[in-house]
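*Asks:* Here is my input; please provide its structure:
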Amino acid sequence: MASAGERAFLLPAGLPEATVQQVAFLVLAAADLGAQQVTFAEGGSDVDVELSVPFRAGMDEVVVDAAQLTLAADQTPLAITGWHTVAGPGGQGVFVVLDTPARLRRLALDPANQPAGTFLVVRAATLDSGGTPTAGPPLFAGGGFDTGPMLPRALAGMSVTGSDGRLVVTVPLTQGQAWLVQFGTGDTAAALAPQAGQPQVTEVTVAPAPSDIALVLRGRSAGEADTALWQHPAALLPEAGQQLADFTPAAGRRLAQVLADTSAGTPTLALPLRFSAKTAGTLLVLDQVLTARYVAHPAAVAPMPLTLDGGWVDLPLDAPARRPSATTLALRARHLGREVNPGSPTPPMALPLGGVRVRPGRLVAAPVPWQPAPSVGATPSLAMVRLLAAPVGDTELVAEVHADAAGAPGALLAGPLVARLAAGAAPGWVGLALAATADIPAPATLWVSVRTNRGALDWFAAGSGPGARASADGGTSWGEPEAGLGPVGTPWVQLQHAVDPATAAAPALTVRLGGTLLGTVGLTGTGQPGEYDGPIPAVLPAAVLDALAAPAAPDTPVRRRTTLSLLCPAVLTLTVPDLTCSYDPFG
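*Replies:* Presented below is the predicted three-dimensional model:
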């Protein structure tokens with residue numbers, strides 16, 4: 001295990017799923033739990049472990065930024081069973097023979113048969129092709145012999161301790177497969193002489209050095225080959241220091257496969273690893289790193305083209321109900337040369353309930369303020385008239401723009417503007433573009449009149465504000481309209497003026513979630529006229545992240561749709577080339 005958000009789980013393979021579930025969802029302590037051991041049995045063995053991170057449902061990808069194990073040889077002595085003894089020459093001592101070569105560390109002896117006045121001698125030994133041992137020179141003898149003030153003690157380095165009828169002989173690390181243990185006498189190295197008697201060896205301890213070590217990523221099925229990740233062909237000694245096994249690419253490929261096949265009930269995404277060695281020993285896993293992040297792409301369609309034409313436009317996000325740890329956002333926008341005049345009211349997010357009905361032989365007019373615009377000055381050029389309406393049957397409507405004359409439509413300024421709407425067309429904004437823009441000084445109050453040549457039109461209105469005016473004599477006289485769709489305020493009209501995209505100010509997007517204002521997202525110029533990128537920094541605002549992570553109902557799917565609404569005074573085409581949410585597996 002490891003500290004949350006920093007290191008992955010390293011668990012024994014084959015644990016019950018319930019146990020893995022408990023581990024995966026623990027609130028992990030920040031303390032380092034220290035090195036973990038991988039112990040190989042005598043004669044070599046395989047050891048299976050799993051390196052894993054908690055599974056998070058509803059993700060599109062898992063990206064592995066680093067997958068590494070830091071390994072080292074363990075120096076802890078290992079008592080082995082793979083050894084036997086052979087009587088020494090002439091009954092003087094006993095050979096200790098190991099099944100496989102190793103570095104001798106300790107021998108345990110029964111001292112009952114040690115002759116008085118003798119000390120222990122450990123000699124090197126070799127094995128012939130048939131496994132018969134032959135004595136070699138002494139390596140250690142008692143406490144060693146004095147060789148004068150200028151030389152180290154001869155045959156020194158062995159220590160002998162004992163209690164409860166047991167002698168423990170500790171020697172400096174000595175590589176080999178056989179040694180001769182004898183009783184001896186003598187005051188000098190030259191006078192050293194073996195004595196009769198055979199020490200009774202009860203335990204052999206070696207300093208293990210696993211050899212031919214390999215680390216593989218096991219295949220997902222019996223027919224799939226393992227993937228080699230790291231190997232150390234010779235004996236791994238502590239002096240070799242730390243060894244780094246880096247298998248980031250292989251880990252990324254495997255976890256991507258596992259994520260694609262993993263069900264929501266699985267507690268972890270795991271890398272099944274197998275260590276193998278030809279000889280006994282212990283490998284220390286000093287550190288395990290599996291730096292992974294889950295990725296979701298909330299924008300269902302990329303580059304998701306949107307047209308921001310003065311009304312609210314929905315941006316649906318399909319994402320896990322979880323707060324991302326990081327996001328990337330790329331926007332591209334192109335100015336279409338029009339802006340909503342500041343005098344036009346902010347459009348409603350929902351379709352109003354009230355309004356008036358326009359039909360043949362009956363004019364309806366609505367007032368709308370006309371204001372100076374920072375980008376064009378005091379005489380904006382009218383370019384587009386937009387009505388919030390719905391046709392009743394096949395409809396041909398005609399709109400005109402008038403100056404104000406004592407609170408009613410006066411002189412004609414622009415039009416007629418004609419639009420044809422098919423029966424059954426969805427309610428929404430109806431755009432009527434002027435063939436040539438009309439320069440109209442501001443500020444002023446303008447009137448937009450509407451009639452139909454055929455069919456009828458439901459013109460939606462706000463619940464308050466100056467009321468509409470109606471005329472049954474072609475505009476000669478004006479009166480109050482009949483209420484056709486409930487309470488009548490000001491019918492919804494939006495006026496748009498022309499701008500030069502090269503000189504227009506960089507626009508900003510207003511973002512809402514339902515009735516909640518989440519803030520604005522500013523765009524920046526690219527250096528090309530009317531072309532914008534954004535935002536900077538290229539991340540989702542914190543309020544949007546809060547919305548994505550809002551608590552969900554118990555029966556909500558692991559992914560849910562969050563629909564943001566965008567509004568911009570500039571008329572733009574907007575694309576979202578990239579919207580990526582990243583999630584910390586431990587978050």
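
*Asks:* sec struct for residue 412, please.
*Replies:* strand (DSSP: H, G, I helix; E, B strand; the rest coil).

*Asks:* which strands and helices sit next to the helix or strand where residue 276 lies?
*Replies:* Assigned by DSSP states H and E, residue 276 belongs to strand 268-277. Counting contacts by 3 or more Cβ pairs under 8 Å, 6 or more residues apart in numbering; DSSP states H and E, strand 268-277 packs against strand 36-40, strand 45-54, strand 213-217, helix 248-261, strand 281-296. All C-beta atoms are positioned from the backbone trio N, CA, C, and that covers glycine.

*Asks:* I'd like the distance between residue 166 and residue 442.
*Replies:* Using Cβ to Cβ, to the nearest Å, residue 166 is found at 107 Å from residue 442.

*Asks:* Who has more neighbours out of those two?
*Replies:* residue 442 (19 against 13; other Cβ atoms under 10 Å).

*Asks:* what about the residue lying closest to that one once chain neighbours are set aside, distance to residue 507?
*Replies:* Once flanking residues are discounted, residue 442 sits nearest to residue 372: 4.6 Å by Cβ to Cβ, 6 or more residues apart in numbering. Note on residue 372: its distance to residue 507, by Cβ to Cβ, is 18 Å.

*Asks:* Have a look at those two and say which one is more surrounded.
*Replies:* Shown here are residue 372 and residue 507; by other Cβ under 10 Å, residue 507 has more neighbours (21 against 18).

*Asks:* Now do the contacts for that one.
*Replies:* For residue 507, the contacting residues are 333, 335, 523, 532, 568-570, 572, by Cβ atoms under 8 Å, 6 or more residues apart in numbering.

*Asks:* before we move on, the earlier item: mind putting the helices and strands packed on strand 268-277 in TSV, distance to residue 426, mean neighbour count and mean pLDDT included?
*Replies:* Below are those laid out as TSV (distance: least, Cβ to Cβ, whole Å; neighbours: other Cβ atoms under 10 Å; pLDDT from 0 to 100):
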stretch	distance to residue 426	mean neighbour count	mean pLDDT
strand 36-40	63	18	88
strand 45-54	45	20	89
strand 213-217	54	21	95
helix 248-261	38	16	92
strand 281-296	31	21	90
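
*Asks:* Let me know the secondary structure of residue 112.
*Replies:* helix.

*Asks:* Pretty sure it sits against residue 200.
*Replies:* Yes: in this structure, residue 112 is within contact of residue 200 by Cβ atoms under 8 Å, at 7.2 Å.

*Asks:* neighbour-wise, which of these two wins?
*Replies:* Taking neighbours as other Cβ under 10 Å, residue 112 and residue 200 compare with residue 200 leading, 16 against 8.

*Asks:* Excluding chain neighbours, give the residue nearest to the more buried one in space.
*Replies:* Residue 200 sits nearest to residue 110 (Cβ to Cβ, 6+ apart), 4.0 Å away.

*Asks:* since we're on that neighbour, how many residues are nearby?
*Replies:* Residue 110, neighbours per other Cβ under 10 Å, totals 13.

*Asks:* Quick check, pLDDT for it.
*Replies:* Listed pLDDT for residue 110 reads 90.

*Asks:* Contacts only, for it.
*Replies:* 165-167, 199-200, 202.

*Asks:* Kindly recompute the last result at 10 Å.
*Replies:* 165-167, 199-202 (Cβ atoms under 10 Å, 6 or more residues apart in numbering).

*Asks:* now for these, which pair is the farthest apart?
*Replies:* The most widely separated members of these are 165 and 201, with 14.2 Å between them, by Cβ to Cβ.

*Asks:* Mind checking which of the two has more residues around it?
*Replies:* Just comparing residue 165 and residue 201: by other Cβ under 10 Å the higher neighbour count belongs to residue 201, 19 against 9.

*Asks:* Strands along the stretch 351-500 of the chain, start to end?
*Replies:* Remark: strands assigned in the stretch 351-500 of the chain by DSSP state E, counting those that start in this stretch are 355-358, 363-370, 381-404, 409-421, 428-439, 444-460, 469-471, 493-498.

*Asks:* just for the stretch 351-500 of the chain, where's the confidence low?
*Replies:* Residues of the stretch 351-500 of the chain that meet the criterion pLDDT under 70 lie in 482-487.

*Asks:* run the last query once more with 90
*Replies:* The stretch 351-500 of the chain contains residues with pLDDT under 90 at 353-355, 361, 373-378, 415, 462-468, 474-476, 479-489.

*Asks:* Please tabulate the helices and strands packed on strand 268-277 in a markdown table, including the columns distance to residue 67.
*Replies:* Shown next, in a markdown table, are these (distance: least, Cβ to Cβ, whole Å):
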| stretch | distance to residue 67 |
| --- | --- |
| strand 36-40 | 16 |
| strand 45-54 | 7 |
| strand 213-217 | 10 |
| helix 248-261 | 3 |
| strand 281-296 | 5 |
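
*Asks:* So for residue 149, which of these sits nearest?
*Replies:* Proximity to residue 149, assessed across these by Cβ to Cβ, is greatest for strand 281-296 (41.2 Å).

*Asks:* Can you give the strand pairings for that closest one, parallel or anti for each?
*Replies:* Using DSSP bridges, strand 281-296 pairs in its sheet with strand 36-40 (antiparallel), strand 61-73 (antiparallel), strand 570-583 (antiparallel).

*Asks:* quick one, which of these is nearest to residue 270?
*Replies:* Here strand 61-73 is closest among these (Cβ to Cβ), at 11.8 Å.

*Asks:* Please, where are all the helices along the stretch 1-150 of the chain?
*Replies:* For the stretch 1-150 of the chain, the helices defined by DSSP state H, counting those that start in this stretch cover 17-24.

*Asks:* contacting residues for the closest residue to residue 181 other than its chain neighbours?
*Replies:* With Cβ to Cβ, 6+ apart as the criterion, residue 181 has its nearest non-adjacent residue at 5.0 Å, and that residue is residue 199. Contacts for residue 199 (Cβ under 10 Å, 6+ apart) come out as 85, 88, 93-94, 96, 107, 109-114, 120-121, 167, 169, 181-183.

*Asks:* ok so, going back, identify whichever of the helices and strands packed on strand 268-277 lies nearest to residue 451.
*Replies:* Judged by Cβ to Cβ, the one of the helices and strands packed on strand 268-277 that comes nearest to residue 451 is strand 281-296, at 51.0 Å.

*Asks:* List the buried residues of the helix or strand following that closest one.
*Replies:* Next in sequence after strand 281-296, counting helices and strands by DSSP H and E, comes strand 306-308. Within strand 306-308, the residues scored as buried using 16 or more other Cβ atoms under 10 Å are 306, 308.

*Asks:* Could you name the helices and strands sitting against strand 306-308?
*Replies:* Counting by 3 or more Cβ pairs under 10 Å, 6 or more residues apart in numbering; DSSP states H and E, the packing neighbours recorded for strand 306-308 are strand 313-320, strand 326-340, strand 559-567, strand 570-583.

*Asks:* again, 7 Å this time
*Replies:* Strand 306-308 is packed against strand 570-583, with contacts defined by 3 or more Cβ pairs under 7 Å, 6 or more residues apart in numbering; DSSP states H and E.

*Asks:* Just the CA trace of the strand it packs on, in PDB.
*Replies:* The C-alpha coordinates for strand 570-583 follow below in PDB (Å, rounded to 0.1, in the frame of the first residue of the first chain):
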ATOM      1  CA  ALA A 570     -21.100  38.800 -30.300                       C
ATOM      2  CA  VAL A 571     -22.400  36.500 -33.000                       C
ATOM      3  CA  LEU A 572     -19.900  33.600 -33.200                       C
ATOM      4  CA  THR A 573     -19.400  30.200 -34.500                       C
ATOM      5  CA  LEU A 574     -17.800  28.300 -31.600                       C
ATOM      6  CA  THR A 575     -16.100  24.900 -31.600                       C
ATOM      7  CA  VAL A 576     -14.700  22.800 -28.700                       C
ATOM      8  CA  PRO A 577     -11.800  20.900 -30.200                       C
ATOM      9  CA  ASP A 578     -10.900  19.500 -26.800                       C
ATOM     10  CA  LEU A 579     -12.500  19.200 -23.400                       C
ATOM     11  CA  THR A 580     -10.800  16.700 -21.100                       C
ATOM     12  CA  CYS A 581     -11.400  16.000 -17.400                       C
ATOM     13  CA  SER A 582      -8.700  14.100 -15.500                       C
ATOM     14  CA  TYR A 583      -9.400  12.400 -12.200                       C
END
